[in-house]
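In: starting from these lines, generate the structure:
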Amino acid sequence: MTTDHHAQQPPVRVGTRRSLLATTQSGHVAAMIRERLGRETVLVEVTTDGDRSQAAGTPLVGASSTGVFVSALRDALLRGEVDVAVHSLKDVPTYPAEGIVLAAVPQREDPRDAVVARDGLTIGELPVGSVVGTGSPRRAAQLHALGLGLEVRGVRGNVDTRIGKVRSGDYDAVVLARAGLSRIDRLAEVTEVLDPLQVLPAPGQGALAVECRADDELAEALRALDDAPTRAAVDAERAVLSTLEGGCSAPIGALAEVVEGEDGEELWVRAVALSPDGTLSVRMSATGTPSDAVGVGTRLGAEMLADGAGQLGQPGPAATTEADKVRDA
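Out: Sure, this is the predicted structure:
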């Protein structure tokens, strides 16, 4: 009688933040590991600096906030306390982490942003002066750019806290990632899903990052969780972001899709960089092959920098808006 090789292996320890969304996402990856790798799993909760500052009400501002939810999980990986770390890919910095590999990017959820507004309203139906909450400079700049006369205010906390601000009447609406609401079964509260033509999502939004130690044999096995079209799309989006980050502090949105073209699969990428007040923007798109995803994104980012994206970090003089309108057309 043969003994199942997997039965002798210890369970895969999946590191997660403590929030409902994080544990749901990590649970989703753990289920995939059980199904596709035949390995038992256990969730291990790790408290991050981002969680601690959120609990204390300390604001997270600027690019430094990108990695705060990620670093504690990575530290736990490197210390051998967990075997796998699961992140929202949009929170993962674009530069590599020594000793850690992005082993898989499973099929992504709908990447668009969603609105939860009072009285079932859409963004366009909110009266001038309505208060819309978001913690994201990217969302804030694009909401301003819509020219609807909304008052955009910062908001912190988990999904419950943010939606609670609308229920209590403190805010008229909040903007959140649709993917997160979907994963915790809160889509019924969404009053509008924003068209990417109006508001482009964050690079990697809706996708999960599955990381493990580079020297762990698990890295090879985890590739069974990877979704090729998702990986190509997010590689392109993150290449745009990485290129722009080199010379641009402006809010950035990007969305890539793999579509069927006449000659096989094509990768289509759209990106925008905006001044914080949304009055100026550089908006461009590019196409290429999924196998050259990083190249397509890198070239698009470089074109945007050449077209002035690097000057958008601070609001510019109003005189340049006419040229910008032509560029955006």
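In: the protein: strands as residue ranges?
Out: All strands of the chain, identified by DSSP state E, fall at 12-16, 41-45, 84-88, 100-104, 113-117, 131-133, 151-153, 173-177, 192-193, 208-213, 252-261, 264-274, 281-288.
In: so of these, which one's packed in deepest?
Out: strand 84-88 (a mean of 26; mean count of other C-beta atoms under 10 Å). C-beta: built from backbone N, CA, C; applies to glycine.
In: partners of that strand, with directions?
Out: The strands that strand 84-88 pairs with in its sheet are strand 12-16 (parallel), strand 208-213 (antiparallel) (by DSSP bridges).
In: can you list the strands of the chain in CSV and add distance to residue 141?
Out: Below are the strands of the chain laid out as CSV (distance: least, C-beta to C-beta, whole Å):
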stretch, distance to residue 141
strand 12-16, 31
strand 41-45, 34
strand 84-88, 20
strand 100-104, 28
strand 113-117, 13
strand 131-133, 13
strand 151-153, 9
strand 173-177, 12
strand 192-193, 19
strand 208-213, 25
strand 252-261, 9
strand 264-274, 4
strand 281-288, 8
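In: want to try CSV for those, with distance to residue 75 and mean pLDDT as columns?
Out: Putting the strands of the chain into CSV (distance: least, C-beta to C-beta, whole Å; pLDDT from 0 to 100) gives the following:
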stretch, distance to residue 75, mean pLDDT
strand 12-16, 10, 96
strand 41-45, 13, 96
strand 84-88, 10, 95
strand 100-104, 10, 96
strand 113-117, 30, 97
strand 131-133, 31, 97
strand 151-153, 33, 95
strand 173-177, 25, 96
strand 192-193, 36, 97
strand 208-213, 12, 96
strand 252-261, 27, 95
strand 264-274, 32, 96
strand 281-288, 36, 96
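In: and residue 223, which of these is closest to it?
Out: Nearest to residue 223 among these is strand 100-104; the distance by C-beta to C-beta comes to 6.1 Å.
In: who does the closest one touch, helix- and strand-wise?
Out: helix 68-78, strand 208-213, helix 218-221 (3 or more C-beta pairs under 8 Å, 6 or more residues apart in numbering; DSSP states H and E).
In: so which of these is nearest residue 237?
Out: Of those, nearest to residue 237 by C-beta to C-beta is strand 208-213, at 12.7 Å.
In: neighbouring contacts of that closest one?
Out: For strand 208-213, contacts defined as C-beta atoms under 8 Å, 6 or more residues apart in numbering pick out 25, 28-29, 73-74, 77-78, 80, 83-89, 92, 97, 99-106, 108, 218-219, 222, 225.
In: cool, and stretch 285-292?
Out: For stretch 285-292, using C-beta under 8 Å, 6+ apart, the contacting residues are 228-229, 232, 236, 258, 265-271, 295-297, 299-300, 303.
In: that older thread, put together a markdown table for the helices and strands packed on strand 100-104, with distance to residue 167 on each row.
Out: Output for the helices and strands packed on strand 100-104, formatted as a markdown table (distance: least, C-beta to C-beta, whole Å):
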| stretch | distance to residue 167 |
| --- | --- |
| helix 68-78 | 26 |
| strand 208-213 | 29 |
| helix 218-221 | 43 |
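In: pick the most deeply packed of those.
Out: strand 208-213 (a mean of 24).
In: okay, now residue 198: neighbour count?
Out: 14 (other C-beta atoms under 10 Å).
In: need the per-residue pLDDT for residue 49.
Out: What the model reports as pLDDT for residue 49 is 62.
In: cool, residue 239 as well?
Out: Looking at residue 239, its pLDDT reads 97.
In: is it in contact with residue 301, as I believe?
Out: Yes - Residue 239 lies in contact with residue 301 (C-beta atoms under 8 Å); the separation is 6.6 Å.
In: the helices and strands packed on strand 100-104: which one's closest to residue 9?
Out: helix 218-221 (10.0 Å).
In: so which of residue 239 and residue 301 has more stuff around it?
Out: Higher neighbour count among residue 239 and residue 301: residue 301, with 29 against 24, using other C-beta under 10 Å.
In: got a list of what the more buried one touches?
Out: Residue 301 sits in contact with 239-244, 271, where contact means C-beta under 8 Å, 6+ apart.
In: wait, which of these is closest to residue 205?
Out: When the contacts of residue 301 are compared against residue 205 (criterion: C-beta to C-beta), the nearest one is residue 241, at 11.3 Å.
In: mind jotting down where the helices sit in the stretch 101-250 of the chain?
Out: Secondary structure of the stretch 101-250 of the chain, counting by DSSP state H, counting those that start in this stretch: helices at 137-145, 159-167, 178-183, 218-221, 228-245.
In: between the ones you listed, which gets nearest to residue 38?
Out: Among the helices of the stretch 101-250 of the chain, the nearest to residue 38 by C-beta to C-beta is helix 218-221 (9.7 Å).
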